[in-house]
Structures are given as C-alpha cells and as structure tokens.
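> let's see this in three dimensions:
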Amino acid sequence: MNPIYADILDIVPLKLNSAFAHLDAKQSELNTSIGVEQLKISARLLQDIETAVGATVEVVVGEDIQFTEGCLSLPSTQLSSAQKRVLWQLIWNQQNAN
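Got it, this is the predicted structure:
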C-alpha cells in the first residue's frame, strides 16, 4: 500500500510478501478489473518458464495456451502431454522472437 494512502486512511501500510513482490502491479490491477483468474502452478514449473522466457510471467486461466506480454494463459494446472508440447513450443517461439 502506498504510504500516502495509509496516512490518509490512518492505517498501517503493508508490504507484499516477497513471493508476490515480482508481480507487475499494473498487470495485476488490469487482470483483477477484467476478472482474470490467477492460476497457481508449481514453483518449479513457474521458475522453469521464467528462466526460459527470461522475464517474470503471470499465469492465468484461459481456454487455450497463449503467451502475451508477460501473461501466460493455461487451461488448468494439470496439462496433458500434448498441452505440454504446445506450451514448450510456444516458449521456444517466444525465445526466438526475442
């Protein structure tokens, strides 16, 4: 919370847990305002994806596997082998595009 708002509201300003500190606040606010549901994937998978992409990634629920502007949409936390191939092909294409 911004300290200015905390002073106005007479409350103690809070800091995000370090696990959430890497998220882009504007992207999170945008997703919240349009009703995008965050998807909780394993920390290891998220780390592998972020290492491969070379940037922080926000994972959300989507009908199909897409990657746009740091936002990865996945249909569920459990992916079939065909979906995993699509995911890694998408990441490979993203690497080559950069």
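
> pLDDT score for residue 69?
Looking at residue 69, its pLDDT is 82.

> run through the neighbouring helices and strands of the strand or helix carrying residue 45.
Assigned by DSSP states H and E, residue 45 falls within helix 43-53. Counting contacts by 3 or more CB pairs under 8 Å, 6 or more residues apart in numbering; DSSP states H and E, helix 43-53 packs against helix 81-97. Where C-beta positions appear, they are placed from N, C-alpha and C, glycine not excepted.

> ok, residues contacting the helix it packs on?
Helix 81-97 is contacted from outside by 49, 52, 53, 54, 65, 66, 67, 74, 75, 79, using CB atoms under 8 Å, 6 or more residues apart in numbering.

> list the buried ones in it?
87, 91, 94 (16 or more other CB atoms under 10 Å).

> which of the contacts of helix 81-97 are buried, as a ChimeraX select command?
Listed next is the ChimeraX selection for buried residues among the contacts of helix 81-97, using 16+ other CB under 10 Å:
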select :49,53,65,67,74,79
